[in-house]
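Colleague: sharing a model that was predicted from the sequence below.
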Amino acid sequence: MRVFVAGASGAIGRPLVRQLVAAGHEVTGMTRREERAEEIRAAGAEAVVCDVFDAAALEAAVVAARPQAVVHALTALPPKFNPRSDYLAPTNRVRTEGTRNLLAAARAAGARRVVAESVAFFYRPEGDWVKDEEAPTNDQAPGNFGAAVEAILDLERQVLQAEGLEGVVLRSGWFYGPGTYFGPGGSSWEDVQKRRYPVVGAGTGTFSFIHIEDAASAFLAAIERGSGAYNVVDDEPAPLHEWLPVYAEAIAAKRPRRVPAWLARLVAGKAMADAALNMRGASNAKAKRELGWTPAHPSWRQGFRDSLA
């Protein structure tokens with residue numbers, strides 16, 4: 001199959017391009033920077049340098065590639081995770097305006113299928129601690145996180161309702177592995193090393209993780225099967241107080257501090273403190289059932305030790 005990967009030089013794009021090529025697909029990878037194009041070519045794919053906001057150039061690039069499937073793995077995340085800033089604003093634009101441009105280009109190229117990246121940690125913080133894809137999303141999140149949820153929901157609506165295209169949305173959990181915030185040298189890695197990532201209050205907020213290679217393998221599966229939205233997470237959603245000490249041990253850091261919720265709200269902001277207490281995890285049952293996908297790292301417990309030590 002001919003596959004066009006937008007975001008081919010990103011954290012998920014790099015392993016995805018490798019996996020697509022290994023599976024025998026004909027791949028064209030898009031990046032914004034010429035220096036990253038060589039990495040894409042080295043992985044066995046064609047490379048195109050293009051900005052998703054240049055609609056005319058994007059359409060020309062996608063039409064020239066003649067893809068049957070288009071992957072939307074574009075983000076514009078900064079190197080450092082900083083919830084006190086509006087660090088998600090550039091990615092919000094990618095998810096709204098960028099998605100519109102990419103879908104228009106996919107239609108112009110005659111593609112039949114689009115698979116787009118979303119997130120699995122935006123479910124409404126009420127009821128069960130582990131959510132399936134039918135659960136309500138947190139569409140009333142405060143501040144910068146509220147704007148991010150709006151952008152994510154806009155992306156999902158555009159992809160799933162795209163005229164003339166089969167749309168699939170993959171809601172990924174918290175990434176770990178190379179090139180991620182939790183990967184070696186990432187900002188969350190450094191924060192834990194410096195004991196700046198504490199357990200807040202009872203630490204009941206529930207996280208769902210996914211190794212970056214497993215996330216890529218879900219995209220590989222979804223270019224050929226499935227429809228609608230899928231949670232792409234490992235088998236073990238876990239509260240903050242449970243996974244964070246294991247992560248710290250895996251990266252040879254000191255045991256995380258514990259701080260009261262009021263102090264976390266003062267230092268990190270209300271949204272992050274509330275997430276540490278109330279965030280919901282996600283179930284991967286639908287992805288396993290309908291995509292025929294199973295994570296090679298079924299639990300963060302072993303995954304942290306095997307891939308981060």
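Modeller: Arrived safely.
Colleague: residues contacting H241?
Modeller: Listed by CB atoms under 8 Å, 6 or more residues apart in numbering, the contact partners of H241 are V199, A202, G203, T204. Yep, even glycine has a C-beta here, placed from its N, CA and C like the rest.
Colleague: please redo it, this time with the cut-off set to 6 Å
Modeller: Contacts for H241 (CB atoms under 6 Å, 6 or more residues apart in numbering) come out as V199, G203.
Colleague: verify the contact between A162 and L103 for me.
Modeller: Yes: using CB atoms under 6 Å, A162 makes contact with L103 at a distance of 5.2 Å.
Colleague: what residues does the helix ranked longest in the chain touch?
Modeller: Scanning the chain for the longest helix, with DSSP state H as the assignment, gives helix 143-160. Contact with helix 143-160 is made by 86, 88, 92, 95-96, 99, 114, 116, 118, 122, 138-139, 141, 167, 169, 271, as judged by CB under 6 Å, 6+ apart.
Colleague: in its sheet, what does the helix or strand following that helix sit against?
Modeller: Next helix or strand after helix 143-160 toward the C-terminus (DSSP states H and E): strand 166-172. Paired strands of strand 166-172, with direction, are strand 113-119 (parallel), strand 228-232 (parallel) (DSSP bridges).
Colleague: list the contacts of the residue nearest the centre of the chain.
Modeller: The residue lying closest to the centre of the chain (CA atoms, centre = their mean) is S172, at 4.7 Å. S172 makes contacts with I210, A215, V232, as judged by CB under 6 Å, 6+ apart.
Colleague: please report how far the last one lies from D86.
Modeller: The span separating V232 from D86 equals 26 Å under the rule CB to CB, to the nearest Å.
Colleague: out of the two, which sits in the more crowded spot?
Modeller: V232 (29 against 13; other CB atoms under 10 Å).
Colleague: and the nearest residue to the more buried one once chain neighbours are set aside, how close does it get to V5?
Modeller: Spatial nearest neighbour of V232, excluding adjacent residues (CB to CB, 6 or more residues apart in numbering): A218 at 4.3 Å. According to CB to CB, A218 stands 14 Å off from V5.
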